[in-house]
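fold the following.
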Amino acid sequence: MRRSRSIRIIATLGPASSTPEMIDALYRAGADVFRLNMSHGDHGQIAALYQAVREVEAAAGQPIGVLADLQGPKFRIGGLAAGPVMLREGDRFLLDRDPSPGGKQRAQLPHPEIFAALEPGQRLLLDDGKIRLKVLESGVDTAVTLVEVGGALSDRKGVNLPEAVLPLPPLTEKDKRDLEFVLGLGVDWIAQSFVQTAADVAAARDLVAGRAGLLAKIEKPQALKEIDAITEIVDAIMVARGDLGVEMPVEDVPGAQKTIIDAARRRGKLVVVATQMLESMVKSPVPTRAEVSDVANAVFEGADAVMLSAESAAGEYPIAAVEVMNRVGTKVEQDPHYRTYIDSVRPIPEATSADAITTAARQVVQTINAAAIVTYTTSGSTALRAARERPAVPIVALTPRQDTARRLTLGWGLHSVIGEDASNFSEMVGKARRVAKQQGFARTGDYIVVTAGEPFGTPGRTNVLRIARVLEDD
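Next up, the predicted model:
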């Protein structure tokens, strides 16, 4: 089932989308990659969802990607003795490690690492930023704060620290257990939460050890300060606007999104835009006009993928939400302004034969009005190089490896086909012509541009570009 758009759609699985029938419907509606949220569900439930995706994949005859999203650290206050309390602007509020139930004047904060990082003048955000506290005094296990923005506070609400770099390991013990489990299942992508520094993703990469692609979720302002270094290390970046919008002023988020997308595209790394894209569709069968514009903006900016969270995991209209994203992506890519925006950012080619060939492929396509680019790829690097050029035609990635085909489902404009590698030039060209025609990307008489590496089957050696014309008997 080929897509008529280049941007990819990630759909989160959950209570509303946990059956093989629903997963199949979401795939047919346009989902290319399915997200497993490790914050919800035990390993048995996660394994069942993964197996259901693979059953849909087998029936569809096309590779489907699976992304496992690690939970990361979660910070919450303790319980309150008499239920919700009202914090008012100007009140003093004490946070401490005393496990006894809190009240209007204090609450437990059972996280020593937070107290270790706090300094007077910093701010803490409670309940997704609805309540804002300013630290007046801080100690080993206490912090006196001033309520700057008040509101009703209830048990176990979340805590954010936008101005502090917390002394935390890059992965929690739960993350490590979950990581080994999902890698054992065979997931294609790992999303790392709560990234603060390049060192965080370097440590995670060592644990993943090439068994899946590594995606860093940018949720902290601190990560923005190291976005270039982080992008160099990972395979993909996610603009996680939910927590990012809590930890920084909301008016700064659109600019941060553009900064992250630009950093990823210039380095040829995949980039995903996520969170609240069609939030109203959790309850409504149609999105707001602002949400449609938000999705369209991510497409115009050249993101590789857009993601649905609660809309597909727990919403009342999961299929409709995917269909909306599919229609918006398709329509935007047909807009006359699209190429102007998409061509405004280009990665700087490295001084390698691979980059020279893939840059030339895009130019040749434009010159001869070719119908498609066909890349032979083992590791996926050749196809990803072609995708980062954002050519005006589809990219068919021919690979002998199923894991590569699945990982490439997250890449812009990539259509993966699993098959044997070519052994010589004649076979390479013939197979490329046949696949392009059979998959509906080219017709008799069309030109295609073929890239490959010699010796054939050698990963990372793109050094051949060939122009071929599709024949009647292909």
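
buried set for stretch 357-374?
Ile357, Thr358, Thr359, Ala361, Arg362, Val364, Val365, Ala370, Ala371, Ala372, Ile373, Val374 (16 or more other C-beta atoms under 10 Å). All C-beta spots, glycine's among them, are computed from the backbone N, C-alpha and C.

among those, name the ones in strands.
Among the buried residues of stretch 357-374, the members falling in strands (DSSP state E) are Ala372, Ile373, Val374.

quick check, nearest of those residues to Leu109?
Nearest to Leu109 among those, counting by C-beta to C-beta, is Ile373 at 54.3 Å.

need the pLDDT of the closest one.
Ile373 carries a pLDDT value of 97.

use 814 as the first number for this chain going forward.
Got it, the first residue is 814 from now on, which makes the last one we talked about Ile1186.

mind listing what it touches?
By C-beta atoms under 8 Å, 6 or more residues apart in numbering, Ile1186 lies in contact with 1174-1175, 1178, 1199, 1204, 1206-1209, 1261-1264.

format the buried residues of stretch 1170-1187 as a markdown table; extra columns: distance to Gln1089.
Shown next, in a markdown table, are these (distance: C-beta to C-beta, whole Å):
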| residue | distance to Gln1089 |
| --- | --- |
| Ile1170 | 40 |
| Thr1171 | 35 |
| Thr1172 | 36 |
| Ala1174 | 37 |
| Arg1175 | 34 |
| Val1177 | 41 |
| Val1178 | 36 |
| Ala1183 | 39 |
| Ala1184 | 37 |
| Ala1185 | 35 |
| Ile1186 | 34 |
| Val1187 | 37 |
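
so which of the residues you listed is the closest to Asp1048?
Proximity of the buried residues of stretch 1170-1187 to Asp1048 (C-beta to C-beta) peaks at Thr1171, which lies at 17.2 Å.

that closest one and Ala1245, how far apart?
As judged by C-beta to C-beta, to the nearest Å, Thr1171 and Ala1245 stand 15 Å apart.

and if you look at Ala1133?
38 Å.

which stretch of helix or strand covers the nearest residue to Lys1082 once chain neighbours are set aside?
Distances taken as C-beta to C-beta, 6 or more residues apart in numbering put Thr1044 closest to Lys1082, at 5.5 Å, once the chain neighbours are dropped. Here Thr1044, judged by DSSP states H and E, is contained in helix 1040-1046.

check the offset of that helix from the chain's centre.
Taking C-alpha atoms, centre = their mean, to the nearest Å, one finds the center of helix 1040-1046 at 15 Å from the center of the full chain.

quick one on the thing from earlier: report the two of the contacts of Ile1186 separated the most.
So, the contacts of Ile1186 by C-beta to C-beta: farthest apart are Arg1175 and Val1209, at 14.7 Å.

all the helices of the stretch 964-1113 of the chain, residue numbers only.
986-998, 1011-1021, 1034-1038, 1040-1046, 1054-1060, 1066-1079, 1102-1113 (DSSP state H, counting those that start in this stretch).

and the third one, what does it pack onto?
This points to helix 1034-1038. helix 1066-1079 (3 or more C-beta pairs under 8 Å, 6 or more residues apart in numbering; DSSP states H and E).

now the helix it packs on and helix 1102-1113, what's the angle there?
Here helix 1066-1079 runs at an angle of 20 degrees relative to helix 1102-1113 (axes from the mean of the first three to the mean of the last three C-alpha atoms, to 10 degrees).

who touches helix 1066-1079?
Residues contacting helix 1066-1079 (C-beta under 8 Å, 6+ apart): 1031, 1037, 1040-1041, 1044, 1049-1050, 1052, 1054, 1057-1058, 1061, 1083-1084, 1086, 1111, 1114-1116, 1158-1161, 1201.

return the set of buried residues in that helix.
Of the residues in helix 1066-1079, Val1066, Ala1069, Gln1070, Ile1073, Ile1074, Asp1075, Ala1076, Ala1077, Arg1078 count as buried by neighbour count, 16+ other C-beta under 10 Å.

same check on stretch 1107-1116?
So, applying 16+ other C-beta under 10 Å, buried residues of stretch 1107-1116: Asp1107, Val1108, Ala1109, Asn1110, Ala1111, Val1112, Phe1113, Glu1114, Gly1115, Ala1116.

quick one: contacts for the second one?
Remark: with contacts taken as C-beta under 8 Å, 6+ apart, Val1108 is in contact with Met1090, Leu1091, Val1119, Val1137, Met1138, Val1141, Gly1142.

contact partners for the closest residue to it other than its chain neighbours?
Leaving aside its sequence neighbours, Val1108 sits nearest to Val1141 (C-beta to C-beta, 6+ apart; 4.8 Å). Counting by C-beta under 8 Å, 6+ apart, Val1141 makes contact with Val1105, Val1108, Ala1109, Val1112.

can you pull out the helices in the stretch 814-963 of the chain?
833-842, 856-873, 925-930.

can you give the contact residues for the longest one?
Read that as helix 856-873. 814, 826, 831-833, 836-837, 840, 847, 849, 851, 854, 876-877, 879, 881, 991, 994-995, 998-1000.

if we can go back for a sec, among the buried residues of stretch 1170-1187, which one lies nearest to Pro983?
Of the buried residues of stretch 1170-1187, the one sitting nearest to Pro983 (C-beta to C-beta) turns out to be Thr1171, at 32.4 Å.

measure that closest one to Glu1233 for me?
Counting by C-beta to C-beta - Thr1171 and Glu1233 are separated by 23 Å.

ditto for Ala1017
In terms of C-beta to C-beta, Ala1017 sits 34 Å off from Glu1233.

do Asp968 as well
Relative to Glu1233, and taking C-beta to C-beta, Asp968 is found at 59 Å.

between the two, point out the one with more neighbours.
Asp968 (15 against 10; other C-beta atoms under 10 Å).

low-scoring stretches of the chain, by residue?
814, 1269-1274 (pLDDT under 70).

check contacts around the nearest residue to Val1187 once chain neighbours are set aside.
Distances taken as C-beta to C-beta, 6+ apart place Ala1245 nearest to Val1187, at 4.0 Å, with adjacent residues excluded. Shown in contact with Ala1245 (C-beta under 8 Å, 6+ apart): Val1187, Tyr1189, Val1209, Leu1211, Ile1261, Val1263, Ala1281.

tell me, how many residues neighbour Arg901?
By other C-beta under 10 Å, the residues close to Arg901 number 10.

which one is it nearest to, not counting chain neighbours?
Nearest residue to Arg901, sequence neighbours excluded (C-beta to C-beta, 6+ apart): Gly963, at 4.5 Å.
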